[in-house]
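Enquirer: Give me the fold of what follows.
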Amino acid sequence: MTASVRRCSPAEAGPDLFEQEAGVLQAARALYGADDADAERYRAALGDLTLHFERLMRETRRLIARSDRAEREMNALNQQLQTLSQQLEYRATHDALTGMLNRGAVIDQAGQALRQRGGAMIVLDIDHFKRINDEFGHPAGDRVIQAIARCLQELVQAPAIVGRVGGEEFTVLLPTLARDEALAMTERLRLRIAREKTGTAPVTASFGLSLNLPGTDFELAYGLADAALYRAKRAGRNQVVLAD
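Expert: Coordinates of the predicted model:
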């Protein structure tokens, strides 16, 4: 059984936008093929063709102008979408308070770096941060966090990775496996934070450090550094402890 194909008539297909021009062109063709046409009829046909051709030119210019305007608007919309996409991507990977990488981005980027080349993982926590919030208020606590972030960004340069992973906790991954180099950088961070003026009581931080071979999981590197951090806290704070 074969299916029959039904063709739409011109009326069903919708109005022909060039119906008038088609009629004028058909009349001109018929006149061109006539043997007994006189000059007046040729003149009238040429006049009709000229009028309709001019109309088509005007409509074409109008359509081109509309098309150009639509293209410009589309380009502007595409640019806005691209800007919005970049903003959303930034917000998805950066901490709103400090502008640093957020926890998810740190885990992703540091995890990849650890698998490829290893590195020194630093976990630091602001000492007595609850006391700062209680005595000076949460806005002051936010300013302290922002100040610590500036200290870290001042000293830690790419390809090192630095970010805020919790309320008052930050993580740094240094691209080194040299014990002395990693300890020296961590000590520089500790001293820099202790010198920072925040408008509150003196602020210090405790540091845990772990050295990790290539292929180490983020969880293991972080866990070792975090355990060392708590040893630094128990030992009196404002110090650096290297993981076993």
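Enquirer: Now the element after the helix or strand of the chain with the lowest mean pLDDT, going C-ward?
Expert: Least confident helix or strand, the chain: helix 10-13 with a mean of 52, by mean pLDDT, DSSP states H and E. Using DSSP states H and E, the helix or strand that follows helix 10-13 towards the C-terminus is helix 19-33.
Enquirer: I'd like the average pLDDT over that following helix.
Expert: Averaged over helix 19-33, pLDDT sits at 75.
Enquirer: ok, now stretch 72-88?
Expert: So the average pLDDT for stretch 72-88 ends up being 87.
Enquirer: those strands in this structure, which residues are they?
Expert: Ranges of strands in the chain, per DSSP state E, are 119-126, 161-164, 169-174, 205-212, 240-242.
Enquirer: would TSV of the ones you listed with mean pLDDT, mean neighbour count and distance to residue 218 be doable?
Expert: All C-beta spots, glycine's among them, are computed from the backbone N, C-alpha and C. Output for the strands of the chain, formatted as TSV (pLDDT from 0 to 100; neighbours: other CB atoms under 10 Å; distance: least, CB to CB, whole Å):
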stretch	mean pLDDT	mean neighbour count	distance to residue 218
strand 119-126	98	25	8
strand 161-164	98	24	11
strand 169-174	98	24	9
strand 205-212	98	25	9
strand 240-242	98	20	19
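Enquirer: Can I get those in a markdown table including distance to residue 94?
Expert: Shown next, in a markdown table, are the strands of the chain (distance: least, CB to CB, whole Å):
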| stretch | distance to residue 94 |
| --- | --- |
| strand 119-126 | 19 |
| strand 161-164 | 8 |
| strand 169-174 | 14 |
| strand 205-212 | 21 |
| strand 240-242 | 27 |
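Enquirer: where does this protein have low pLDDT?
Expert: 1-17, 31 (pLDDT under 70).
Enquirer: According to the record, where do the domains of it fall?
Expert: Annotated domains of the chain cover 16-89, 103-242 [automatic domain parsing].
Enquirer: got the contact list for the residue at minimal distance from the centre of the chain?
Expert: By CA atoms, centre = their mean, the chain has its centre lying nearest to residue 86, at 2.7 Å. With contact set as CB atoms under 8 Å, 6 or more residues apart in numbering, residue 86 has no partners.
Enquirer: Could you measure from it over to residue 200?
Expert: Distance, residue 86 to residue 200, by CB to CB, to the nearest Å: 35 Å.
Enquirer: any idea how far the residue nearest to the centre of the chain lies from residue 79?
Expert: Distance, residue 86 to residue 79, by CB to CB: 11 Å.
Enquirer: Quick one: distance of the lengthiest helix in the chain to the chain centre.
Expert: Longest helix in the chain, counting residues (DSSP state H): helix 39-93. Distance of helix 39-93 from the chain centroid (CA atoms, centre = their mean, to the nearest Å) equals 32 Å.
Enquirer: go on, stretch 96-105?
Expert: How far stretch 96-105 lies from its chain's middle: 14 Å, per CA atoms, centre = their mean.
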